[in-house]
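Visitor: Take this sequence and fold it.
(2 chains)
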Amino acid sequence: MTDEFDTVSEDDLHAYVDGQLSQPERERIEAWLEKHPARAQEVREWQTQAAALQEHFAPYARGDEGDRALVSVRRRRNQGGVDSGPTPMFRRIAAGLLIFAAGALAGMYTPGILAPVRSPEMAASPDSLPRQAQSAFLVYASEVRHPVEVGADQQAHLATWLGKRLDYGLKIPDLAALGFSLVGGRLIPVNGTAGAMLMYEDGTGQRLTVLLGRNRDNRETSFRIASQGGSLETFYWIDGEIGYAVTGEVPRSLLQKVADECYRQFEGAEAS
Amino acid sequence: MSRGHDGSDAGAGADASAPDAFEEDVLALMPALRRYSRSLARSDSDGDDLLQDCVEKVLTRRRQWRGVNLRAWAFTIMTNLYRNHHRHRARHPEVDYEEGLSLVAEEQGADPLQRRRLERALDRLSPENRAVLMLVVIEGYRYQDVAEMMVIPIGTVMSRLSRARRQLAEAMKDDNVVALRRPK
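Guide: Residues are numbered from 1 along each chain as shown, chains lettered A, B, ... in the order given. Sure thing, here's the model as predicted:
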């Protein structure tokens, strides 16, 4: 046994699994494995394991819209940062919001209201942001003990921490005027990258969440409502780099005010 | 350390939105870097942090690159960041993003329990063993390349690879039953 083992080393078996052998070497190992079923079994396990690992991580081998920004953001920062100020996109969002505001005043929330800000890209884009926002809401809003990672008592730290992870000057909206106070926030994957979830609740413990995520699918500015069958509503908007989603089990008119307020405060943070 | 050296000429006054050749090369590497970062990390968000840190280092240290094999150089930087972070983390444990992980797993359509089992088994490997395993199995590096990237003898590469494979197989066997909630 010892003698035979010497002819094929453990290293040889790894190299066989990893495809790092010449063809004659492979054949030599294969012949040896036929006579050593226990080792052959182990080799098969390693091959299966390698295939599972490759399959598991293969979907991550992709580029995305954010990559270009990541590279150039670093450079701008290195160069001392020249910011061109508010982008035209913000003006377009603002236009969208005005339409909503008009709808709110008129008490109208018909789909027709949405038509002017709908674009083909928007219609075709996956609803992943609202869907993720609603999943997050359903998971965390019902969490009694640990709804957030960092509580409202550490608000400054929360803003710095989440802002750093998102690479975005995060200002935490103050929703006190609408009766909602901050519970806290947590880091959460959005579109496969670091995103942030902020949670608020009113005096009765009614909760709503604000989700922020890097947007990679859609550079188009948009603003719209997504509903989920029952009473769960989401408002979301995208400014090209960041997507925002406000979710709650509250009346749509109230949620729209929250979205409006968040937009106003986020925009202030971004422009400054 | 090297920071004062950077950014002095990276195209000051040039069009800030047009990437230069080096940046284009880095962009081309992003898919591979993203996969490698995720294969080392405990969660998508950790992987993303590692990726961002790596890209930042690659860009700020670009003058230290010797002009050969940008991919291996970037992978080496990532590996070192990962090892350093792990040492730091051992002293300053952070929150576990387990819940976030499961949300993402559902997103991707694969069997979430199976994905989670594999992730948990990987998380039990030492960072050194995990890095060797990923460089060889996922990134397809030859043993000699891994030895050079990690500045270790090739015999150490082989023993880490062997240990990683056996520990992973053991951990997968142990973890046949998935606990949906951790006992408090």
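Visitor: how is the chain carved up into domains?
Guide: In the absence of a named chain, chain A is used. Using automatic domain parsing, the domains assigned to chain A come out as A:3-109, A:120-271.
Visitor: To clarify, I was referring to chain B.
Guide: According to automatic domain parsing, the ranges for chain B are B:1-103, B:111-184.
Visitor: before we move on, the earlier item: from the domains of chain A, which stretch is densest packed?
Guide: Counting by mean count of other C-beta atoms under 10 Å in any protein chain shown, domain A:120-271 has the highest mean neighbour count of the domains of chain A, with a mean of 19. For the C-beta atoms, the positions are set from N, CA and C on the backbone; glycine is no exception.
Visitor: what stretches of the stretch 151-272 of chain A score poorly on pLDDT?
Guide: A:216-230, A:240, A:268-272 (pLDDT under 70).
Visitor: surely A:L175 meets A:Y200?
Guide: Yes - look at A:L175 against A:Y200 with C-beta atoms under 8 Å: they come within range, at 5.5 Å.
Visitor: Quick check: neighbours shared by those two?
Guide: Common contacts of A:L175 and A:Y200 (C-beta atoms under 8 Å, 6 or more residues apart in numbering or on different chains): A:181-182.
Visitor: Might you enumerate the residues of the stretch 51-200 of chain A proximal to chain B?
Guide: A:52-54, A:56-64, A:67-68, A:70-72, A:74-76, A:78-80, A:82, A:128, A:132, A:135-136, A:139, A:149, A:165, A:167, A:187-189, A:192-195 (C-beta under 8 Å from any C-beta of the partner chain).
Visitor: Which parts of chain A are helices?
Guide: A:2-7, A:10-17, A:23-34, A:37-57, A:65-78, A:88-106, A:111-114, A:120-124, A:128-140, A:155-166, A:252-271 (DSSP state H).
Visitor: Nearest to A:Q47 among the domains of chain B would be which one?
Guide: Distance to A:Q47, taken as C-beta to C-beta, is lowest for domain B:111-184 among those, at 10.3 Å.
Visitor: I'd like the distance from that closest one to the chain centre, please.
Guide: Chain-centre distance of domain B:111-184: 12 Å, with C-alpha atoms, centre = their mean, to the nearest Å.
Visitor: is the nearest residue to A:Q132 once chain neighbours are set aside in a bridge, and if so with what?
Guide: Sequence neighbours aside, A:V190 is the residue nearest to A:Q132 in space, at 5.6 Å (criterion: C-beta to C-beta, 6 or more residues apart in numbering or on different chains). As for beta bridges, A:V190 partners with A:T193 under DSSP bridges.
Visitor: quick one: A:V190 and A:V210 touch, right?
Guide: No - with contacts counted by C-beta under 8 Å, A:V190 stays clear of A:V210, the gap being 11.9 Å.
Visitor: List the contacts of the residue most central in space within chain B.
Guide: Central residue of chain B (C-alpha atoms, centre = their mean): B:S37, 2.8 Å from the mean position. Listed by C-beta under 8 Å, 6+ apart, the contact set of B:S37 reads B:47-48, B:50-51, B:54, B:78.
Visitor: Which secondary structure state is assigned to it?
Guide: Assigned with DSSP: H, G, I helix; E, B strand; the rest coil, B:S37 falls in the helix class.
Visitor: And it, how far from A:L254?
Guide: Remark: distance between B:S37 and A:L254 (C-beta to C-beta, to the nearest Å) = 41 Å.
Visitor: Any idea how far apart the tips of stretch B:58-70 sit?
Guide: 9 Å (C-alpha to C-alpha, to the nearest Å).
Visitor: Likewise for stretch A:145-157?
Guide: Across stretch A:145-157, the terminal residues are separated by 20 Å (C-alpha to C-alpha).
Visitor: ok, back up a step: looking at the helices of chain A, which has the lowest confidence?
Guide: Looking at those, the lowest mean pLDDT belongs to helix A:120-124 (a mean of 30).
Visitor: pull the helix or strand with minimum mean pLDDT from chain B.
Guide: Within chain B, no helix or strand scores below helix B:98-107, which has a mean of 40 by mean pLDDT, DSSP states H and E.
Visitor: Can you name the next helix or strand after that helix?
Guide: Proceeding C-terminally, helix B:98-107 gives way to helix B:112-123 as the next helix or strand, assigned by DSSP states H and E.
Visitor: Just checking that next one against chain A, any contact.
Guide: Yes - judged by C-beta under 8 Å from any C-beta, helix B:112-123 comes into contact with chain A through B:115, B:118.
Visitor: who touches the next helix or strand after that helix?
Guide: Counting by DSSP H and E, the next helix or strand C-terminal to helix B:112-123 is helix B:127-137. Helix B:127-137 is contacted from outside by A:18, A:50, A:53-54, A:57, B:36, B:39-40, B:75, B:79, B:82-83, B:86, B:122, B:125, B:141, B:143, B:145-146, B:149-150, B:157, B:160-161, B:163-165, B:167-168, using C-beta under 8 Å, 6+ apart.
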